[in-house]
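K.L.:
Here's my sequence, what's the structure:
(one chain, ligands or ions: 1)
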Amino acid sequence: MSTVEVAGLRVVRGGRVVLDGLDLTIGPGVTGLLGPSGCGKSTLLRSIVGVQRVAGGTVTVLGAPAGSAALRDRVGYQTQSSSVYDDLTVLENLRFFARVLGIGPAAADEAAASVDLGGHRDAVVGRLSGGQRSRVGLAVALLGSPELLVLDEPTVGLDPVLRRDLWALFHRIATAGTAVLVSSHVMDEAERCDDLLLMREGRIIAQGAPSAIKQRQGAPDIETAFLALVEGAE
Ligand SMILES: Nc1ncnc2c1ncn2[C@@H]1O[C@H](COP(=O)(O)OP(=O)(O)OP(=O)(O)O)[C@@H](O)[C@H]1O
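P.N.:
The predicted structure follows:
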């Protein structure tokens, strides 16, 4: 069974067709959703998490319709805007969100440890570095040990070293059994994914392992492959 199955997904936002009949599947490991700003990545992720009104098609997550009550604890989601409280400590934030989810406080310690913030548990979030703050958001999404983790541009604005560390963390989480779906508009992050979805103007223009996509296009890197796919479609 695929982790996510999308068939004929159509989404209209503000009177404009944003997703136009998407078909795709997502399996285990780290899947990257890559495409230029405004191509519809966030809208697709919102549809998978079940917070987007859809005009047509189906989105099935872990065997259930996206957004259904059965998926509440099984899918973690980190949006682009941080939802953590700057004036609370790492642990206070995690305990608060654990309560919202209806899970015990022990999960807060576990989540902090799983993103290597155990040593900063009592630090006020507003005084953490950018990389540490994004890991707090990740820890919130990991509360309840989800089977699918959906991350909307988690590396945006981070320096290369922090980005590399965060991608290593995504792989660690995936190895531990949680499928990870990460969006990015930075094409050089493509190489860090097990599987890729390349998106443009509301459509998936390629799906597969980075090496397979490059080979199919005879391209040295994913950016070149992406441009070749765009030119081929025009
Ligand atoms: N609340 C909204 N109402 C109407 N249109 C919207 C809304 N949010 C986004 N859109 C439009 O939907 C399209 C896709 O946006 P979306 O945020 O999914 O793209 P994205 O690829 O995630 O972009 P970015 O990387 O900039 O976040 C854009 O044209 C955007 O203007």
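
K.L.:
From now on I want contacts and neighbour counts done on CA atoms only, so please keep to that.
P.N.:
Noted.

K.L.:
Can you get me a residue count around residue 87?
P.N.:
13 (other CA atoms under 10 Å).

K.L.:
Show the pLDDT at it.
P.N.:
Here the pLDDT value assigned to residue 87 is 95.

K.L.:
Quick one: residues contacting it.
P.N.:
124-126 (CA atoms under 8 Å, 6 or more residues apart in numbering).

K.L.:
Tell me if I'm right that residue 21 and residue 6 touch.
P.N.:
No - counting by CA atoms under 8 Å, residue 6 is not a contact partner of residue 21; they are 9.3 Å apart.

K.L.:
any shared contact partners between those two?
P.N.:
Common neighbours of residue 21 and residue 6 (CA under 8 Å, 6+ apart) are residue 57.

K.L.:
Next, format the contacts of residue 87 as a markdown table and append secondary structure.
P.N.:
Below are those laid out as a markdown table (DSSP: H, G, I helix; E, B strand; the rest coil):
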| residue | secondary structure |
| --- | --- |
| 124 | strand |
| 125 | helix |
| 126 | helix |
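
K.L.:
most surrounded residue in the residues you listed?
P.N.:
Most neighbours among the contacts of residue 87, by other CA under 10 Å: residue 125, with 23 neighbours.

K.L.:
Please name the residues that touch that residue.
P.N.:
By CA under 8 Å, 6+ apart, the contact list for residue 125 reads 84-90, 133, 136.

K.L.:
Quick check: pLDDT value at the residue most central in space within the chain.
P.N.:
Closest residue to the average C-alpha location of the chain: residue 151 at 2.4 Å, with CA atoms, centre = their mean. Per-residue confidence (pLDDT) for residue 151: 95.

K.L.:
try residue 1
P.N.:
Residue 1 carries a pLDDT value of 69.

K.L.:
Residue 193 now?
P.N.:
Looking at residue 193, the pLDDT reads 96.

K.L.:
all helices of the protein, in order?
P.N.:
In the chain, the helices defined using DSSP state H lie at 41-49, 90-101, 106-114, 130-142, 160-175, 210-217, 222-233.

K.L.:
So which residues on this protein come close to the ligand?
P.N.:
Where the chain comes near the ligand, counting by CA under 6 Å from any ligand atom, the residues are 13-14, 18, 37-43.

K.L.:
low-confidence ranges in this protein?
P.N.:
1 (pLDDT under 70).

K.L.:
ok, 80 please
P.N.:
For the chain, the stretches with pLDDT under 80 are 1, 82, 157, 232-234.

K.L.:
check contacts around the residue nearest to the centre of the chain.
P.N.:
Contacts of residue 151 (CA under 8 Å, 6+ apart): 77-79, 180-183.

K.L.:
Tell me the bridge partners for it.
P.N.:
With DSSP bridges as the criterion, residue 151 is bridged to residue 78, residue 182.

K.L.:
picking that back up, just curious, which of the contacts of residue 151 is nearest to residue 200?
P.N.:
Distance to residue 200, by CA to CA, is smallest for residue 183 among those, at 12.9 Å.

K.L.:
neighbours of the nearest residue to that closest one once chain neighbours are set aside, just the number please.
P.N.:
With sequence-adjacent residues excluded and distances taken as CA to CA, 6 or more residues apart in numbering, residue 183 is closest to residue 33, at 4.4 Å. Residues lying near residue 33 (other CA under 10 Å) number 27.

K.L.:
Would you mind confirming that residue 33 is in contact with residue 40?
P.N.:
No - if you go by CA under 8 Å, residue 33 and residue 40 don't touch, sitting 10.1 Å apart.
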